[in-house]
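The following comprises the amino acid sequence and a computationally predicted model.
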Amino acid sequence: MALRVRFAALVCLASTPGFAGSWSGALVDSKCFDSEERNVNPTDTLTNVDRDRGLEIRFCSPNGKTKAFAVVERDGPSFKLDVGGNTKAAELVHKAGKKAYYIVAVTGEMTKNTVTVDSLSMVR
């Protein structure tokens, strides 16, 4: 009996609850944006103040070769898209053509820092 209770507790703790929602922000190349976020002076204590988020978003604007995407929300946080979301984002970028930035709306379920995408569309 105790083994079953432990197993049940382990299963409950191991599963990460997700939550459905909708988000909007700038679509970026995930690998590029992660690299830009890590590119900081280790002794700088004001990294968020000194950063030009708009420049990073434009620099990491996706192109036809982008395979992994992320969305950077207006207030700063970012999240990655799941495999299906990456496919939808690649199709959207291909259809929209080259732009300085892509503002998108995403609906789906967030688990940790990744959204399982139900829908993805251009806002403007």
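It's in. Residues are numbered from 1 along each chain as shown.

Quick check, Lys31 in contact with Pro62.
No - with contact taken as C-beta atoms under 8 Å, Lys31 and Pro62 are classed as non-touching, separated by 10.3 Å. (Glycine included, C-beta is placed from N, CA and C.)

what about those two, which has more around it?
Ranked by neighbour count (other C-beta atoms under 10 Å), Lys31 and Pro62 place Pro62 first, with 27 against 14.

Work out for me the element the more buried one sits within.
When secondary structure is defined using DSSP states H and E, no element contains Pro62, which sits outside every helix and strand.

who's in contact with it?
When contacts are counted by C-beta atoms under 8 Å, 6 or more residues apart in numbering, Pro62 touches Leu27, Val28, Asp29, Phe69, Ala89, Ala90, Val93, Tyr102.

Same check on Ala70?
By C-beta under 8 Å, 6+ apart, the contact set of Ala70 is Leu27, Val28, Asp29, Ser30, Phe33, Asp34, Ser78, Phe79, Lys80, Leu81.

Now do the SS call for it.
Each residue gets one of three states, and Ala70 gets strand by DSSP: H, G, I helix; E, B strand; the rest coil.
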